[in-house]
Structures are given as structure tokens and as C-alpha cells.
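Colleague: Please find the sequence and the predicted model below.
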Amino acid sequence: MATFKHINSKNARYSDAEKYLLFEHDEFTMKPILDGNGRLIPREDYRIATLNCEGQDFAVACMRANMKYGKNQSRGDVKSHHYVISFDPRDSADNGLTVDRAQELGEQFCREHFPGHQALVCTHPDGHNHTGNIHVHIVINSLRIEDVPMLPYMDRPADVKAGMKHRCTDAAMDYFRAEVMEMCHREGLYQVDLLAGAQDRINDREYWAQKKGQAKLDTSGKPTKFETDKEKLRRTIRKALETATTFDEFAELLLREGVMVKESRGRLSYLTPDRAKPITARKLGDAYDLAAVHEALAQNALKQPVRRSVLDKLREAGTVQRLVDIEAKLAEGKGIGYEKWAQRFNLQQMVNTLNAYTEYGFASMDELNELLSAAQSELRDSREKIKSIENVLAGKKELLGQLLTYWETKNVRQEYKRLTTAKARAEYAQAHEREFMLSNAAAKYFKDHGITKLPGTKALQAEIQQLVSEKNARYKDYREKQRRVKELETVKNNLENILGHKKEKRHELIPS
């Protein structure tokens, strides 16, 4: 799944950001790695581009802009904002994501959401921990060098003016996450709901503490997994939630491990023996807050054995893959080595298919056909629901765009009304022809759609984010149904081939 992260920087040396993107760095100290001659080691593969720098070096362009507007001169000023879009490692193999395409998506994202800012966009093919995930770095100068249109995440007049600074608010981060999700859906990439809270909330400090602690254990030769204090607490809470059915029982189980749980104003906090100040559930993750704890307790109280589905049993029998057409492959020029492999592969798939058919729920081919037909129908229904949400979402986004344009031109309309002479009005209208065209187009849109009372931009943005989350949940359901259909089609195809082969062999045994 794609993730989205933000880091602000007070470092006055903009060149350090570029140095980090272009050269190898130690993953723990974040210091550059040098070769035997003390020189920086370039990264093996990357794509990089500058935006709004007018052909200048990024660092030079940023410093000149800061001097022009008299901003970012103090040590405590936020000089730049660093955003990272990390794609799922599976996207390369499963969905055809390349470094070049990721770079294009990053540049497009930067232009759309950070207009008027000098920016560096750089794509790396692998994560620092070698997870294989393509990720895009977007580094922008905090200063805006030109006036920009009002965007959905902006809520102050200063947010659109040149010479003012970018603000990364909670509302802005929610908006960016929603846009990343939309981008992944549009590109057919893996994605989870970034607007939903994290079950285990791990910040950068805890992440690096875990990495460094594990590295020390690895060098000592101890085959042990390092755990941070927070992770130990999470494990203790999860263990208590496995069996507890009431809150008192939950608190008692934690107390046996030396952990005190306290509820205050609808929030939980946990105090461990080695701390004087409790850790709030919010810092641990959504899986440990009051609502999640009560839900887990209720589920434990009502827990009953769950019957496994036919497809779950099918997966236990072994992954069923489509049989290889050996004759066709040999006709294409494959050799005897491929033929031997294909014979063994087909034999294994026949075993898996027959096991699934005879032992795990299929009484006849008719029953298999009925199950496949039902799965295909569910898949179509799931896709229709996604299309319905997409249509509503497109309408809401169009309305939001028209609304932002209308409010952006409000001052021009008000100034026009204050003019008293026809000549002054004519001259003013000619000087602001673009603004009036946009305003009139927005007013026509409202009239054509029967909108008499304009909605608030924040409320509309909240509706859009809700629709994005709903679409994301539907999209995961669609992928699951799509996988089920593919599995059943494979089983059916294999069975038909197996039965066909058996029929042919039976005929061969009949004497002429």
C-alpha cells in the first residue's frame, strides 16, 4: 500500500536535501557514506527534477527567493517541507509500476498540490531497509514565490499569496492522503485507507529506536528480536485482549503484568512500572483506545466457532494454478527441459484441483458452476458500487472547484459593485476579464445544478474524504471478489482439462 509522510526542516542549507537524495546515506545516523578516498558515493539509481527553479540550482533558487521576500532568515524558521510517497513493494511486479512512472506521478502531484513553490522531486527504486518499495521524495521551499489559486486544503487568504509560507496542517495532511489514495486507485496500485487511524502508531523516533536496537542484537550474535518499550506494552495489551470479556478483567490481567490502565474523559492511558508518566492510547495506536478495547471485549464475549468457507479450505489444499498447454508451448519452440517441468507442474495442479473438488466442498460440476456464477455476479455488483461512488465523488470535486473559484473572485465582484460610473465599471471589467469569466462560469454551474445555498468548503472537503475512504473500502472488497472469481475459473478450467484428458485416455484403451 502507498503511504504518505511529512517532515519539516529548519536546516538553512538547502543543498543538504539534494545531497541526501543523490548520495548514499547511513540509515541510522543519516550521515553521508564515503568511499576509501573520502568522497561521496552516488546512489545507484534515481530520477530527479526541479520545479519552478527557472534553470537554477534548487538551493540557489530557494536562497534568492528568501532574500527577495525577507523570509526564512532566522534559525528557527521552517525552511523546507519534505513529503514522501512510498508505494507498495508488490506494485512493481503485480501492477507494472516503474521508477519512471513513479517520478511522473510525483511531479504531477507536486504541480497540483504545491503550486508556486520551488521543489525537488526525486524517485528511488528501493527503501532504505531494502523492502523493494519505489518511493518519491518531494522537497519544497516553504516560501511561495507566486500567487496561486485557492486549493481545498487552504483556509487563509495568505495561503494563496506570493511571499507567504506553506502550512502543513492536519486538514492538509488528510487532503494529501486522500489524493494519494485517489492516485493509487486511478493507477491500479495497491492501497489502504490512509484516512483511517493506524492500529499500531509508530513514529520516527520509535521506528529508529527499534532499528538501532535490532542492529546491536544482530552484531552481538543473539538470535533475539528487539522490542521498544512501547512495543512491549502493545504486546502486553494484545495478550490481555485475547481472553478478557469485561473491562475489569482486562484491567486485572494488565495489573498482573505491572501495567495500570486508566480511563479519563473517554480516553485510555497505560502506566508501566518503569515510568512516572502514563502513555496515552493515542501514542500506541487506534487498536488500544477505549472504543477498540470495548469492541474486542464484546467480541470475546460473543465469540463462536466460525465455519470456514469453501475457498479457505481450497487455499489450505494448495494454491491452484491454471494447467499449462504443453503442446502449444512446444509448438512455440520450447524445449524438452520446459516439457519436463510443465509435466511435473501440471501433475501438481491436477492433485491440488482434484483435492479441492473432491475433499473441500464441491459435490458436482453444476455446484462449481453455480458458485462461479454467484462470484461473478458479486464482482459485477462490487464494481457498480465503486462506479457509483466515483460518480458522486467526481461531482463533489467539481462542485468544490467551482466553489473555491467563486470565493476567490469575491473581492473582484465586491469592488465592481462599489464603482458608481459606467466608465469605471467598464474599465474595471476589462482589467479583470479573467476573474469575471471564472466567476460567471461558477455562478452558471450553481444555477444549472439547482444550488441556491452554497455549502461550506470544509464540510464539502469532509464529504469528499469520506467518499474516498468508502471507495477505498469498496476497492479492497472488489479485489477480494476478483481474486475469488479467478480462483474458481482456474479450478473449473483445470477440471475440464483433466476430465477431457481422462476421456481421451479411456478411448485409447478401447481395442479397435
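Modeller: Happy to help now that I have it.
Colleague: Who are the contact partners of E470?
Modeller: I389 (Cβ atoms under 8 Å, 6 or more residues apart in numbering). From N, CA and C alone the C-beta is placed, and that goes for glycine too.
Colleague: Nearest residue to D35 in space, please, no chain neighbours.
Modeller: I41 (5.4 Å; Cβ to Cβ, 6 or more residues apart in numbering).
Colleague: dump the residue contacts of that neighbour.
Modeller: 23-24, 32-35.
Colleague: Pick out whichever of these sits closest to G337.
Modeller: E24 (40.8 Å; Cβ to Cβ).
Colleague: coming back round to it: any figure for the gap between the residue nearest to D35 and D57?
Modeller: 21 Å (Cβ to Cβ, to the nearest Å).
Colleague: try G258
Modeller: Relative to D57, and taking Cβ to Cβ, G258 is found at 56 Å.
Colleague: what does T280 give?
Modeller: Taking Cβ to Cβ, one finds T280 at 44 Å from D57.
Colleague: do E408 as well
Modeller: 33 Å.
Colleague: in the helix or strand where R434 lies, what's buried?
Modeller: Assessed by DSSP states H and E, R434 sits inside helix 433-448. Judged by neighbour count using 16 or more other Cβ atoms under 10 Å, the buried positions of helix 433-448 are 435-436, 438-439, 442, 445-446.
Colleague: Same question for stretch 459-466.
Modeller: 460-461, 463-465.
Colleague: With only the CA atoms kept, save that stretch in CSV.
Modeller: Extracted in CSV, the C-alpha atoms of stretch 459-466 (Å, rounded to 0.1, in the frame of the first residue of the first chain):
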residue,chain,number,x,y,z
ALA,A,459,-17.9,20.5,5.1
LEU,A,460,-17.6,19.6,1.4
GLN,A,461,-14.0,18.6,1.8
ALA,A,462,-15.0,16.3,4.7
GLU,A,463,-17.6,14.7,2.4
ILE,A,464,-15.0,14.1,-0.3
GLN,A,465,-12.6,12.5,2.2
GLN,A,466,-15.5,10.3,3.5
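Colleague: Looking at it now, give me its mean pLDDT.
Modeller: Mean pLDDT, computed over stretch 459-466, is 85.
Colleague: Run through who's touching it.
Modeller: Contacts for stretch 459-466 (Cβ under 8 Å, 6+ apart): 152-153, 171, 174-175, 178, 195, 393, 396-397, 399-400, 403.
Colleague: Out of these, list just those in strands.
Modeller: Counting by DSSP state E, no part of the contacts of stretch 459-466 is found in strands.
Colleague: and whichever helix or strand E263 is part of, which strands flank it?
Modeller: Taking DSSP H and E as the definition, E263 sits inside strand 260-264. Using DSSP bridges, strand 260-264 pairs in its sheet with strand 267-271 (antiparallel).
Colleague: then the partner strand to PDB, C-alphas only?
Modeller: This file holds the C-alpha atoms of strand 267-271, laid out as PDB (Å, rounded to 0.1, in the frame of the first residue of the first chain):
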ATOM      1  CA  ARG A 267      -9.600   8.100  26.700                       C
ATOM      2  CA  LEU A 268      -7.300   5.400  28.000                       C
ATOM      3  CA  SER A 269      -3.700   5.700  29.200                       C
ATOM      4  CA  TYR A 270      -1.300   2.900  30.400                       C
ATOM      5  CA  LEU A 271       1.300   3.300  33.100                       C
END
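Colleague: after that strand comes which helix or strand?
Modeller: Strand 267-271 is succeeded, C-terminally, by strand 279-280 (DSSP H and E).
Colleague: what's the spacing between that following strand and its chain's center?
Modeller: In this view, strand 279-280 has its centroid 27 Å away from the chain centroid, taken as Cα atoms, centre = their mean, to the nearest Å.
Colleague: Beyond that strand, next helix or strand please.
Modeller: According to DSSP H and E, the helix or strand after strand 279-280 is helix 281-284.
Colleague: same for the next helix or strand after that next one, what does it pack against?
Modeller: Per DSSP H and E, the first helix or strand lying C-terminal to helix 281-284 is helix 290-301. Contact partners of helix 290-301 among helices and strands, from 3 or more Cβ pairs under 8 Å, 6 or more residues apart in numbering; DSSP states H and E: helix 229-243, helix 247-256, strand 267-271.
Colleague: Next, the buried residues of the longest one.
Modeller: Buried residues in helix 229-243, defined by neighbour count with 16+ other Cβ under 10 Å: 230-231, 233-234, 236-237, 240-241.
Colleague: Check stretch 281-301 too.
Modeller: 281, 283-285, 287-289, 292-293, 296-297, 300.
Colleague: what angle separates the strand holding E263 from helix 247-256?
Modeller: 140 degrees (axes from the mean of the first three to the mean of the last three Cα atoms, to 10 degrees).
Colleague: How far away from the center of its chain is strand 260-264?
Modeller: Per Cα atoms, centre = their mean, the centroid offset for strand 260-264 relative to its chain is 33 Å.
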